[in-house]
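Chemist: What follows is a predicted structure for the sequence shown.
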Amino acid sequence: MTNKLSKDNTINLEDFRVREGQRVSKVFTGRDRGKYVRENSKIDEIEAKYNAINIVIPDNVYSINPSFFEEFLVNVVRKLGKEAFLNKFKFTSEGDYEFEGPLNQAVDRILKNQTALD
């Protein structure tokens, strides 16, 4: 389901939740899922076109693992560095999930050329 109100510079993670019948995932986890979202959201192309990018974390998300963020954001973080990345990308949680810790951990790992497996 695509958010019809999305702007071209907005990536809503709601569009990338795993759905099974009436059930909707409440977690974003793993490098494979991060890669899938990176490729299908076209984040690298969006970053090249816009001065500001919005990432929306949907309501009822209960966990986003650093490994997901690492693979999802790897190219843009390496390109921009931490400060420029955090200035260009604005994250908004529609619920009460506190994403800052996992996000910062992932950004630091990307820039140190580490992964969760190292």
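Modeler: Looks like it came in fine.
Chemist: Report the distance from the helix ranked longest in the chain to the chain centre.
Modeler: The longest helix of the chain (DSSP state H) is helix 66-88. Here helix 66-88 shows a centroid-to-chain-centroid distance of 9 Å under the convention C-alpha atoms, centre = their mean, to the nearest Å.
Chemist: Buried residues in that helix, which are they?
Modeler: Judged by neighbour count using 16 or more other C-beta atoms under 10 Å, the buried positions of helix 66-88 are 66-74, 76-77, 80, 85. Glycine gets a C-beta too; all of them are placed from N, C-alpha and C.
Chemist: What of stretch 39-55?
Modeler: Those would be 41, 43, 46-47, 53-55, for stretch 39-55 by 16+ other C-beta under 10 Å.
Chemist: What of stretch 13-23?
Modeler: Result for stretch 13-23 [16+ other C-beta under 10 Å]: buried residues 13-14, 16-17.
Chemist: picking up where we left off before, out of the buried residues of helix 66-88, the closest to residue 32 would be?
Modeler: For the buried residues of helix 66-88, the residue nearest residue 32 by C-beta to C-beta is residue 71; the value is 7.7 Å.
Chemist: contacting residues around that closest one?
Modeler: Residue 71 makes contact with 30-35, 38 under the criterion C-beta atoms under 8 Å, 6 or more residues apart in numbering.
Chemist: Quick check: pLDDT value at it.
Modeler: With respect to pLDDT, residue 71 scores 97.
Chemist: ok, for it, nearest residue in space, not its chain neighbours?
Modeler: Of all residues not flanking residue 71 in the chain, residue 34 sits nearest, at 3.0 Å (C-beta to C-beta, 6 or more residues apart in numbering).
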